[in-house]
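> Build me a model:
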Amino acid sequence: MLLDNDSGQPTPAGRYHNSFFWRTAGRLAHKVDDRFGWDRLWRPASLVTLVFLRDVLRRNNLHDTGSVAALDPPPIGADEPGHRTTRTIDGTYNDLENPRSGMAGARFGRNIPLEAIAVTPREQMLTPSPREVSRALMTRNGIIEATSVNALVAPWLQFMIRDWFSHGTSPTDNPWEIELTPEDDWADRPMTIPRTMDDPTRPPDAPASTPTNINTSTHWWDASQIYGTSEPYQKFVRTNEHGKLRVEPDGTLPMPPGEDGSPTKEPGFWIGLVVLQTLFTREHNAVCDMLRKANPGWDDEQLFQHGRLIVAALIAKIHTVEWTPAVISHPSTVTAMRANWFGLAGERVRRRFGRVSSSEVISGIPGGKTEDYGVPYSLTEEFTAVYRMHPLTPDDWSMRRAADDSGLGEYTLRDLSGPEGLDVFDSVSLGDMLYSFGTMHPGLVTLHNFPKWLQEFRRPDGGLMDLAAVDILRHRELGVPRYCEFRRQLHMKAPKTFDELTDDPATALSMSQIYGGDIEQVDLMVGLFAERRPAGFAFSDTAFRIFIVMASRRLNSDRFFTDDYTPEVYTQQGLDWIADNTMVDVLLRHYPELSTAMRDVPNAFVPWHRASEPSEK
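Numbers count the residues shown, from 1 in each chain. Prediction:
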């Protein structure tokens with residue numbers, strides 16, 4: 001064991017960058033950030049500061065929950081030679097030395113020490129009322145737009161989340177009960193919110209405060225939202241011919257069985273997911289066509305598995321160098337996110353010469369050395385918490401034709417959700433939907449901007465939920481610290497007053513009234529939405545600190561992006577496909593009718609041209 005000189009707590013051997021130089025540089029970076037703000041520095045100084053801030057987070061904010069005793073951990077299959085070159089359905093054997101790491105059913109890790117997790121006592125769980133926090137601080141009275149990006153960023157994020165994490169289906173018994181004020185017009189009294197699914201691996205004698213929960217999805221960036229995490233699902237979506245996935249003759253996808261017989265009846269289903277699921281199913285099939293032409297002797301399984309590797313890596317690249325730089329478009333973060341993939345040497349050097357250095361800073365993460373920083377890989381509860389970004393989603397959607405921008409219909413988010421959402425396909429094609437998304441703006445992730453249709457979310461089973469209240473309660477329930485303590489755990493200064501947290505006096509007063517004048521009680525989501533955002537950011541700097549450490553970790557720890565990101569595993573044609581294609585290329589390959597709207601668009605997630613605009617614009 002080593003002593004962490006910053007916290008005084010014992011930490012596992014093998015920690016990352018424990019040298020005097022890195023520790024000193026990390027402390028200096030925090031002092032510079034505290035005084036000036038990394039986002040206000042000259043770009044080279046800003047980038048250096050971010051490198052050292054990330055190093056501190058890697059040393060101090062990756063914590064393994066695997067040390068907590070477990071009862072009947074998920075079973076794993078026997079090791080097979082194919083595990084070396086293919087992604088398994090359930091995420092096992094990605095880490096060959098620790099085959100359970102990151103598998104479906106493995107626990108979430110934490111970005112704060114386990115001993116620092118203060119699980120809210122039951123009697124304080126509903127104080128202040130999550131419903132009152134939602135009504136006073138989240139309610140949208142007209143969307144506050146993020147004008148630098150288009151509305152495709154919202155379904156893309158949900159498409160990613162369907163791959164990354166899920167706490168499973170909540171039990172129906174013993175829900176949280178929230179008493180309502182007399183003026184609240186909610187239909188049912190009290191408001192009930194289902195609890196998070198119990199961890200089946202938690203021993204019965206474990207204390208209730210044990211800060212672990214399972215992720216029913218795989219923790220790896222493996223495109224499981226397309227390929228599934230179970231054999232029955234994967235068998236359903238595959239054609240068993242030429243490695244391809246099923247697509248109906250009209251270009252839509254067959255509906256696989258899910259909850260109550262269809263995924264359309266699962267909470268959170270809407271047409272934005274259908275559009276991206278269809279797009280990347282078609283992309284998988286295009287990759288298989290390419291591979292079959294280059295390798296005519298390959299069978300269905302070889303084509304499918306290589307197709308999956310390539311599509312998963314392409315999605316990871318798009319998210320890293322396109323989606324994220326679009327939603328946090330500060331010049332330094334644009335450079336930093338592209339450097340995660342290409343290195344500071346840049347894309348041109350990477351494409352012409354390959355990796356010119358073993359350093360991820362110089363040559364990027366893909367193709368480098370696998371690194372877990374001494375902590376078995378997992379996604380974390382804190383990562384899940386900061387990705388609750390429902391304000392990105394507009395309430396109202398204007399569907400228009402890509403050919404001439406003519407109107408096809410006005411819809412609310414409720415119209416586009418659940419089984420009824422599929423009815424929209426009768427009058428709006430997938431290409432026209434993508435055009436409509438690309439020419440709209442999403443919302444900013446800020447207070448007073450939560451979608452009204454999600455504050456009154458009608459579940460497929462008929463139940464009504466306020467998802468803002470649910471999000472707030474989930475943070476408390478899962479042991480994620482409230483805002484001020486969350487910042488301290490990330491080595492950031494916490495505000496001492498409500499006026500310091502927000503520059504809007506009316507909002508500061510409202511927050512003070514809700515939280516009884518106690519800044520320490522401010523919920524994480526409220527603080528994240530209230531604080532000043534760096535220039536170009538659609539969400540908060542505090543949330544960004546989790547991304548600093550976790551965005552690169554998802555690549556660093558995955559051998560299919562590091563040690564095994566090679567022609568021997570992917571084929572050279574596969575690596576070329578990943579290198580040569582962007583989200584713009586994927587969209588135009590399958591929906592060429594979007595070419596006019598996307599002319600000269602450098603990033604598919606920034607606003608597209610309206611078909612009614614002059615061509616020279």
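
> can you tell me which residues contact residue 440?
Applying Cβ atoms under 8 Å, 6 or more residues apart in numbering to residue 440 gives the contacts 150-151, 394, 397-398. Where C-beta positions appear, they are placed from N, C-alpha and C, glycine not excepted.

> so how far is residue 582 from it?
Here the criterion is Cβ to Cβ, to the nearest Å. By it, residue 440 lies 21 Å from residue 582.

> Residue 115 too?
Residue 115 sits 44 Å away from residue 582, going by Cβ to Cβ.

> Who has more neighbours out of the two?
residue 582 (16 against 9; other Cβ atoms under 10 Å).

> Tell me which residue lies nearest the centroid of the protein.
Centroid check for the chain by Cα atoms, centre = their mean gives residue 161 as the closest residue, at 4.8 Å.

> ok, and the closest non-adjacent residue to that one?
Residue nearest to residue 161 in three dimensions, not counting chain neighbours: residue 387, with 6.3 Å by Cβ to Cβ, 6 or more residues apart in numbering.

> Could you pull up the contacting residues of the closest residue to residue 283 other than its chain neighbours?
Nearest non-adjacent residue to residue 283, counting by Cβ to Cβ, 6+ apart: residue 586, 5.4 Å away. Listed by Cβ under 8 Å, 6+ apart, the contact set of residue 586 reads 279-280, 283, 314, 318.

> For residue 601, the count of nearby residues, please.
18.

> pretty sure it is touching residue 594, no?
No - taking contacts as Cβ atoms under 8 Å, residue 601 lies outside contact range of residue 594: 9.5 Å.

> shared neighbours of the two, anything?
residue 608.

> pLDDT value on the closest residue to residue 495 other than its chain neighbours, please?
Nearest residue to residue 495, sequence neighbours excluded (Cβ to Cβ, 6+ apart): residue 501, at 4.2 Å. pLDDT recorded at residue 501 is 97.

> Kindly report the same for residue 173.
85.

> Averaged pLDDT, the longest helix along the chain. What do you get?
As assigned by DSSP state H, the longest helix anywhere in the chain is helix 271-294. Mean pLDDT, helix 271-294: 97.

> in it, what's buried?
271-288, 290-292 (16 or more other Cβ atoms under 10 Å).

> if I read this right, the residue nearest to residue 495 contacts residue 522, doesn't it?
Yes - with contact defined as Cβ under 8 Å, residue 501 counts as touching residue 522 (7.1 Å).

> Next, format the contacts of residue 586 as TSV and append distance to residue 556.
Putting the contacts of residue 586 into TSV (distance: Cβ to Cβ, whole Å) gives the following:
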residue	distance to residue 556
279	28
280	24
283	25
314	19
318	18
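
> out of those residues, who's nearest residue 128?
Of all the contacts of residue 586, the one with the least separation from residue 128 (Cβ to Cβ) is residue 318, at 39.7 Å.

> I figured that closest one was touching residue 578, is that so?
No - assessed by Cβ under 8 Å, residue 318 is found out of contact with residue 578, at 9.8 Å.

> any chance you could map the strands in the stretch 351-500 of the chain?
396-400, 407-412, 457-458, 464-465 (DSSP state E, counting those that start in this stretch).

> make that the chain, sorry
2-3, 10-11, 176-178, 191-193, 396-400, 407-412, 457-458, 464-465 (DSSP state E).

> mind putting those in a markdown table, distance to residue 100, mean pLDDT and mean neighbour count included?
What follows is these, written out as a markdown table (distance: least, Cβ to Cβ, whole Å; pLDDT from 0 to 100; neighbours: other Cβ atoms under 10 Å):
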| stretch | distance to residue 100 | mean pLDDT | mean neighbour count |
| --- | --- | --- | --- |
| strand 2-3 | 25 | 30 | 12 |
| strand 10-11 | 22 | 36 | 14 |
| strand 176-178 | 32 | 92 | 17 |
| strand 191-193 | 32 | 92 | 19 |
| strand 396-400 | 42 | 97 | 18 |
| strand 407-412 | 43 | 96 | 14 |
| strand 457-458 | 35 | 88 | 18 |
| strand 464-465 | 34 | 91 | 16 |
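
> Identify whichever of these lies nearest to residue 476.
strand 176-178 (9.8 Å).

> strand partners of that closest one, parallel vs antiparallel please.
Strand 176-178 pairs in its sheet with strand 191-193 (antiparallel), by DSSP bridges.

> Tell me where the stretch 51-200 of the chain is predicted with low confidence.
Within the stretch 51-200 of the chain, the ranges that satisfy pLDDT under 70 run 67-72, 199-200.

> any idea where the helices of it begin and end?
Using DSSP state H, counting those that start in this stretch, the helices assigned to the stretch 51-200 of the chain run over residues 130-133, 153-164.

> Just the CA coordinates for the longest one, please, in CSV.
As requested, the backbone C-alpha atoms of helix 153-164 are provided in CSV (Å, rounded to 0.1, in the frame of the first residue of the first chain):
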residue,chain,number,x,y,z
VAL,A,153,-27.0,15.9,-29.8
ALA,A,154,-30.0,14.9,-27.6
PRO,A,155,-30.9,11.5,-29.2
TRP,A,156,-27.2,10.8,-29.7
LEU,A,157,-26.5,11.1,-26.0
GLN,A,158,-29.4,8.8,-25.2
PHE,A,159,-28.2,6.4,-27.8
MET,A,160,-24.8,6.3,-26.1
ILE,A,161,-26.3,5.9,-22.6
ARG,A,162,-28.2,2.8,-23.8
ASP,A,163,-24.8,1.3,-24.4
TRP,A,164,-23.0,2.5,-21.3
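
> Now do it: everything it contacts.
Residues contacting helix 153-164 (Cβ under 8 Å, 6+ apart): 146, 217, 219, 221-225, 268, 270, 272-273, 275-277, 315, 319, 323, 326-327, 379, 387, 389, 392-394, 437, 442, 538, 605.

> ok, now stretch 501-514?
128, 132-133, 136-137, 447-448, 483, 495, 497-499, 519, 522, 526-527, 530-532.

> switch the cut-off to 7 Å
128, 132-133, 136-137, 447, 495, 498-499, 519, 522, 526-527, 530-532 (Cβ atoms under 7 Å, 6 or more residues apart in numbering).

> related to what we said a few turns ago, same list as before, the strands of the stretch 351-500 of the chain that is, but in JSON lines and with distance to residue 471 included.
Listed next are the strands of the stretch 351-500 of the chain as JSON lines, based on distance: least, Cβ to Cβ, whole Å:
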{"stretch": "strand 396-400", "distance to residue 471": "22"}
{"stretch": "strand 407-412", "distance to residue 471": "21"}
{"stretch": "strand 457-458", "distance to residue 471": "11"}
{"stretch": "strand 464-465", "distance to residue 471": "11"}
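
> dump the residue contacts of the closest residue to residue 152 other than its chain neighbours.
In space, and not counting its chain neighbours, residue 152 is closest to residue 437: 4.4 Å by Cβ to Cβ, 6+ apart. With contact taken as Cβ under 7 Å, 6+ apart, residue 437 is in contact with 150-152, 155.

> quick one: which of those residues is most hemmed in?
residue 152 (27 neighbours).

> give me every residue that touches it.
Residue 152 neighbours (Cβ under 7 Å, 6+ apart): 437-438, 604-605.

> Got a quick ChimeraX command for the buried subset of these?
Selecting just the buried residues from the contacts of residue 152 in ChimeraX takes one command, with 16+ other Cβ under 10 Å as the test:
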select :437,438,604,605
